[in-house]
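K.L.:
sequence plus predicted model, see below.
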Amino acid sequence: MKIVIVGAAGAVGKTAVEALSGRHEIISVGRTSGDVQMDIQDIESIRAMYRQVGRVDAVVSAIGHAHFGPVHEMTGDQFMEGILGKTLPQVNLVLEGFDYMNDRGSFTVTTGVTNRDPIPGGSCAAAANGALDGFVRGASVDMPRGIRINAVSPEVLEASRVQYDGFFRGHVHVSDEAVGLAFSKAVEGCLSGQVFIVD
Ligand SMILES: NC(=O)c1ccc[n+]([C@@H]2O[C@H](COP(=O)([O-])OP(=O)(O)OC[C@H]3O[C@@H](n4cnc5c(N)ncnc54)[C@H](OP(=O)(O)O)[C@@H]3O)[C@@H](O)[C@H]2O)c1
């Protein structure tokens, strides 16, 4: 399969690359890194990436950021950081990708643990993840030409333990291998409309 992985150099993206690269042609995409550069928050940049890459069998996205802070101090603009930084870019990657996706191909997006196991200051991230999980479930019954769509929703990665130290008290840390297997199931399996939880 020819597989585009957006955010391939990141902590989560690396697990997808590791799980899939032995068996497939991987095109790594990043903002500054990878085979192709793209700003996923810029729709014209998404379109340029697809024009450059051409037809694909799978698109994986492992990007996204949100606002973190107490809910009673959050502004509407800060709330929108999660929608504009995580939800909409990954939705746009799907919407712009239909013309390039081969029949029975797949889209896989990345969400995260915060909407099922909340952390203090995480309401914006929880909403961004929940919206994306909902989009995946809703879109799956509408997908043309046998195209599948799924989300991978990991707990904190072992590789990100230091970066998130203190923010996810009591949460487990999951291995790169476990997260990679979820991407493998999403891309190489047969299910659609699933949120593959890794925790
Ligand atoms: N790490 C975890 O433990 C964990 C757990 C659960 C969920 N998640 C979720 O997984 C996603 C990725 O997290 P991460 O920890 O892997 O992040 P990360 O290590 O910071 O990696 C982010 C990747 O996304 C790319 N990227 C960033 N902004 C971009 C843009 N505007 N356009 C295109 N590519 C862009 C970066 O490219 P460059 O390197 O070229 O800048 C990088 O490859 C996030 O939504 C996060 O919430 C992470």
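P.N.:
Yep, it's here. Numbers count the residues shown, from 1 in each chain.
K.L.:
residues from this protein in reach of the ligand?
P.N.:
For the chain, the residues in contact with the ligand (CB under 6 Å from any ligand atom) are 6-7, 9-13, 30-33, 38-41, 62-64, 86, 110, 112-113, 154, 156-157, 160. Just so you know, the C-beta spots here come from the backbone N, C-alpha and C atoms, and that holds for glycine as well.
K.L.:
what is the burial count for the closest residue to the ligand within the chain?
P.N.:
Per CB to the nearest ligand atom, Gly10 is where the chain lies closest to the ligand, at 2.1 Å. Using other CB atoms under 10 Å, Gly10 is surrounded by 22 other residues.
K.L.:
show me which of the residues of the chain next to the ligand are buried.
P.N.:
Buried positions within the residues of the chain next to the ligand, assessed by neighbour count (16 or more other CB atoms under 10 Å), are 6-7, 9-13, 30-31, 38, 40-41, 62-64, 86, 110, 112-113, 154, 156-157, 160.
K.L.:
please identify the buried residues of stretch 53-66?
P.N.:
Buried residues in stretch 53-66, counted by 16+ other CB under 10 Å: 53, 56-64, 66.
K.L.:
for it, output the C-alpha coordinates as CSV.
P.N.:
What follows is stretch 53-66, C-alpha atoms only, in CSV (Å, rounded to 0.1, in the frame of the first residue of the first chain):
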residue,chain,number,x,y,z
VAL,A,53,1.7,12.8,-3.6
GLY,A,54,-1.1,11.6,-6.0
ARG,A,55,-3.3,8.6,-5.4
VAL,A,56,-3.0,6.7,-2.1
ASP,A,57,-4.3,3.6,-0.3
ALA,A,58,-4.2,5.1,3.2
VAL,A,59,-3.8,8.4,5.0
VAL,A,60,-2.8,8.5,8.6
SER,A,61,-2.8,11.7,10.7
ALA,A,62,-0.9,12.0,14.0
ILE,A,63,-1.0,15.8,14.6
GLY,A,64,-2.9,18.2,16.8
HIS,A,65,-2.7,20.6,19.7
ALA,A,66,-5.2,22.2,22.0
